[in-house]
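Trainee: build me a model from this:
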Amino acid sequence: MPWTLLSIARCLGAMTLFMGLLLRLIFPAELPWTYPGVKTPVIAFEFAQTPTELFHMFGNDVEQRDEIVRAMDWGNYIDFIFMVVYTGLLAAVLWLHKPLLASLTYWCIGLTFIILATDFIENIALLKLSHLVAVGYTGASKLQGWLQVLIISTWFKWMSIVVVLAVLGLACRFIHWSGWLIVCFGWAGLLVGGWNILYRDSLELFASLVLLGFIVLVVYIFMAPTCNQRNPLGSHKPTG
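Mentor: Here you go, the predicted model:
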């Protein structure tokens with residue numbers, strides 16, 4: 001059977017869920033300390049803002065710290081593959097909905113390249129910071145410099161993702177009811193993300209909205225073409 005864009009999107013969707021679960025198993029399960037509003041270790045690391053937070057998160061025990069660093073690094077190395085997979089999924093689904101999104105398709109696909117680039121930069125910053133923590137480096141200027149890179153790249157990545165989900169959901173809702181859930185998670189993610197840029201007190205909720213958006217998107221690409229035969233993916237007519 002020849003590969004189609006839909007079959008590629010389905011493959012990327014399945015890989016996104018599988019690799020997301022794999023990363024959850026690889027990243028450390030807990031940290032010695034996290035700041036208010038977040039419990040998941042990798043989320044705490046990605047949204048860290050100060051050297052003090054970093055050292056508290058990794059703890060004072062050398063053996064425990066080295067174990068956390070190893071787990072974080074392994075997760076971030078694998079994430080270099082994951083970022084290509086999930087941005088490929090977004091780009092493929094966007095292209096499938098080009099008739100409904102029109103010129104927004106190109107803008108959003110451009111955003112997927114921004115997501116890929118900022119996720120790559122974010123991973124480099126995370127690996128640099130974990131190395132500095134592992135060797136006990138305490139120079140504030142170098143740590144703060146990489147933290148600034150991390151803050152900017154992390155927020156560009158996450159907010160670009162919710163923008164793409166929010167726009168994509170506007171097209172998906174015409175084809176299958178699950179598209180409305182993508183709309184809800186995308187736009188709720190924009191609101192909660194904007195709030196957390198200022199206050200950083202509900203990052204777990206923000207990350208959960210993005211995760212749920214991806215899960216529903218994968219469900220959508222498997223169900224929409226079969227559950228709505230009157231308007232399968234690739235049809236140009238919205239059914240409301």
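Trainee: look up phi and psi at Thr34.
Mentor: Main-chain torsions, Thr34, degrees, to the nearest 10: phi -140, psi 160.
Trainee: in stretch 48-61, which residues are buried?
Mentor: Judged by neighbour count (16 or more other Cβ atoms under 10 Å), stretch 48-61 contains these buried residues: 48, 51, 53-59. C-beta coordinates here come from the backbone N, C-alpha and C atoms, glycine included.
Trainee: stretch 96-107 too?
Mentor: 96-98, 100-101, 104-105.
Trainee: got the residues you listed as CSV, with distance to Ala125, secondary structure and pLDDT columns?
Mentor: Below are the buried residues of stretch 96-107 laid out as CSV (distance: Cβ to Cβ, whole Å; DSSP: H, G, I helix; E, B strand; the rest coil; pLDDT from 0 to 100):
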residue, distance to Ala125, secondary structure, pLDDT
Leu96, 33, helix, 92
His97, 33, coil, 93
Lys98, 34, helix, 92
Leu100, 37, helix, 90
Leu101, 32, helix, 92
Leu104, 30, helix, 94
Thr105, 31, helix, 94
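Trainee: save those as TSV, and put in distance to Val69 too.
Mentor: As requested, the buried residues of stretch 96-107 are exported to TSV (distance: Cβ to Cβ, whole Å):
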residue	distance to Val69
Leu96	40
His97	41
Lys98	44
Leu100	46
Leu101	42
Leu104	41
Thr105	41
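Trainee: which pair in these spans the largest distance?
Mentor: Leu96 and Leu104 (13.4 Å; Cβ to Cβ).
Trainee: shouldn't Leu168 be within a helix?
Mentor: Yes: according to DSSP: H, G, I helix; E, B strand; the rest coil, Leu168 belongs to a helix.
Trainee: can you pull the contacts of it?
Mentor: 90, 93-94, 97, 101, 108, 182, 186, 217 (Cβ atoms under 8 Å, 6 or more residues apart in numbering).
Trainee: does the residue nearest the centre of the chain lie in a helix or a strand, and which?
Mentor: Taking Cα atoms, centre = their mean as the criterion, Trp158 is the residue nearest the geometric centre of the chain, at 5.9 Å. Assigned by DSSP states H and E, Trp158 belongs to helix 140-172.
Trainee: pass me the low-pLDDT residue ranges in this structure, would you?
Mentor: Within the chain, the ranges that satisfy pLDDT under 70 run 1-2, 225-240.
Trainee: hmm, 80 instead?
Mentor: Across the chain, the ranges flagged by pLDDT under 80 are 1-3, 138-139, 224-240.
Trainee: can you give me the helices for it?
Mentor: Assigned by DSSP state H, the helices in the chain fall at 5-26, 41-46, 51-58, 62-96, 98-101, 104-134, 140-172, 178-199, 203-227.
Trainee: tell me which of the ones you listed lies nearest to Trp33.
Mentor: helix 51-58 (4.3 Å).
Trainee: which strands and helices sit next to that closest one?
Mentor: Other elements packing on helix 51-58 under the criterion 3 or more Cβ pairs under 8 Å, 6 or more residues apart in numbering; DSSP states H and E are helix 41-46, helix 62-96, helix 104-134, helix 140-172.
Trainee: kindly reformat those as TSV containing distance to Ser178.
Mentor: Shown next, in TSV, are the helices and strands packed on helix 51-58 (distance: least, Cβ to Cβ, whole Å):
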stretch	distance to Ser178
helix 41-46	26
helix 62-96	12
helix 104-134	19
helix 140-172	7
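Trainee: show me the contacts for the nearest residue to Val163 once chain neighbours are set aside.
Mentor: Leaving aside its chain neighbours, Val163 sits nearest to Leu111 (6.2 Å; criterion: Cβ to Cβ, 6 or more residues apart in numbering). Listed by Cβ under 8 Å, 6+ apart, the contact partners of Leu111 are 160, 163-164.
Trainee: that concludes my questions; thank you for your assistance.
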